[in-house]
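Visitor: Based on what follows, work out the 3D shape:
(one chain, ligands or ions: 1)
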Amino acid sequence: MANDPITASVHDLINSTDPEAAKLLTLEGDRQETTLELIASENHASPTVMHAMGTCFTNKYAEGYPGARYYGGCEHHDEVERLAQDRAKELFGCAHANVQPHSGAQANAALFLALLKPGETFASLELSDGGHLSHGLKVNMSGKWFSPVHYPLIRDEASSGFETIDYDEAERVCMEHKPKLIMCGYSAYPRVIDFARFRAIADKCGALLHADIAHIAGLVATGVHPSPFPHCDVVTTTTHKTLRGPRGGLFLTNDDEMAKKFNRALFPGMQGGPLMHVIFAKAIAFGEALKPEFKSYQQQVVANARALAEAMIGCGYRITSGGTDNHLMLVDLQTRDADLTGADAEKWLEQAGIITNKNGIPNDPRPPKLTSGLRLGTPALTTRGMGETEMAEVAGLIDRVMDARGDDAKLAAVREDVRALCARFPLPSVGSTVGA
Ligand SMILES: *Cc1c(COP(=O)(O)O)cnc(C)c1O
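Guide: Down below sits the predicted model:
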């Protein structure tokens, strides 16, 4: 916390009127400073982006879009939103951007409202294969009110593409079910997505093609992962994962009609007033992402993921699909120890100050509450300035936790080493160029 004078002064301000709340801010600041954040969907936004959210832009109702608002007093809000839109379009190389979705799942929900009628069919990857709950899980609106069909991963261990998307099978599934929309883009998929191949499938079966680049947006923006454009009709993303902006969603397209449909579906279809303080922070984050150092950051994220995967393999773990092309990997814990579950691993790692999430692996024999896998991602550690050398160190720490099997003294010893590593790589400070 002392690392960031603005947060410190915000803390003092809150503390002067509400010490109970201020204490929680201190605790969370310390937690983030002293733990290793390996959750693939998380990152540390720059202090500029974080503090941009705590501004007077939160006070305003700006329902509508720039130049067509339902409230007076929006002149600066129009400029802020246009700035965010223009930077998003430049960043992703497309013609239209809607910066108002409150989150990635909201953006996807608005997409369904815009493009599908209740009961219509769409194709996606199932959650248990690496998809997202907003891509047709039964308990989600997308699975309750629409009809998902799922394309699979390659299940044949002997195949070179084991555990990657089975594009031939995807084509067969889509030709059989003729979905109105095909979704690609995932939450736990470590390999490059072949958007051109999906385009060919969509053309063949007469579907619209949607990419949800929530996880890989930062990689896409810098050319470290191929772009969904020009192949995809519509694109949604979050802004807070690899893109390292404020928590939020974003919609992108090159198609005028798609843009109109989405804009109407999001407002007034789904949401009320936009979160203008978050849109202000999105504009700033997109500005950061347009700088050359953001590209070196993304390249380091991917280099770190490779180094971490190799080091984990060196410690006796299997990585699904044999490795990673992006910022994340799925570790198969069974290969290290047959009775090791993702749930135990996550709990023991947290005790040692290493923050991860248990995750099902393809064909996981265990239920989602236990799982046999661990998802690891490098965006947050890379933001702290860590490189390949530290990734080998992190793999060693993870392996010591697995060896300890819940032994409190051994976990406490790892916790101390995690603290020491974190102290060498403080969180981004005000004015610093983070992670590059
Ligand atoms: C994280 C994620 C989302 C949802 O984002 P929220 O901001 O949590 O709603 C949507 N799609 C994919 C593929 C994701 O990984």
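Visitor: any idea of the mean pLDDT for stretch 372-379?
Guide: Stretch 372-379 shows a mean pLDDT of 98.
Visitor: List the buried residues for it?
Guide: For stretch 372-379, a neighbour-count test (16 or more other C-beta atoms under 10 Å) marks 372-379 as buried. C-betas here are computed from N, CA, C, even on glycine.
Visitor: Spatially nearest residue to whichever residue of the chain sits closest to the ligand (excluding sequence neighbours)?
Guide: Nearest residue of the chain to the ligand (C-beta to the nearest ligand atom) works out as residue 104 at 2.5 Å. Using C-beta to C-beta, 6 or more residues apart in numbering and skipping residues adjacent in sequence, the residue nearest residue 104 is residue 238, 3.8 Å away.
Visitor: Same check on residue 419?
Guide: Residue 419 sits nearest to residue 34 (C-beta to C-beta, 6+ apart), 5.3 Å away.
Visitor: Which pair of the buried residues of stretch 372-379 spans the longest distance?
Guide: Distance extremes for the buried residues of stretch 372-379: the farthest pair is 372 and 379 at 23.9 Å, using C-beta to C-beta.
Visitor: by contact count, what packs against the helix or strand of the chain with the lowest mean pLDDT?
Guide: Lowest mean confidence among the helices and strands of the chain (mean pLDDT, DSSP states H and E): helix 5-17, at a mean of 90. On a contact count with 3 or more C-beta pairs under 8 Å, 6 or more residues apart in numbering; DSSP states H and E, helix 5-17 meets helix 19-34, helix 47-52.
Visitor: any idea which of the ones you listed is most buried?
Guide: Greatest average neighbour count among the helices and strands packed on helix 5-17 goes to helix 47-52 (a mean of 20), per mean count of other C-beta atoms under 10 Å.
Visitor: How far off centre is that one?
Guide: 19 Å (C-alpha atoms, centre = their mean, to the nearest Å).
Visitor: Can you sort out which of the buried residues of stretch 372-379 also neighbour the ligand?
Guide: By C-beta under 6 Å from any ligand atom, no member of the buried residues of stretch 372-379 lies near the ligand.
Visitor: and those residues, which of them are in helices?
Guide: Among these, the members found in helices (DSSP state H) are residue 379.
Visitor: Please render the buried residues of stretch 372-379 as a markdown table that adds distance to residue 128 to the earlier fields.
Guide: Shown next, in a markdown table, are the buried residues of stretch 372-379 (distance: C-beta to C-beta, whole Å):
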| residue | distance to residue 128 |
| --- | --- |
| 372 | 12 |
| 373 | 11 |
| 374 | 15 |
| 375 | 13 |
| 376 | 18 |
| 377 | 19 |
| 378 | 24 |
| 379 | 24 |
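Visitor: wait, which of the buried residues of stretch 372-379 is closest to residue 251?
Guide: The closest of the buried residues of stretch 372-379, once distances to residue 251 are taken by C-beta to C-beta, is residue 379, at 22.0 Å.
Visitor: In stretch 384-399, which of the residues would be classed as buried?
Guide: 384-386, 390-395, 397-399.
Visitor: Now, those that are in strands?
Guide: Among the buried residues of stretch 384-399, no member falls in strands (DSSP state E).
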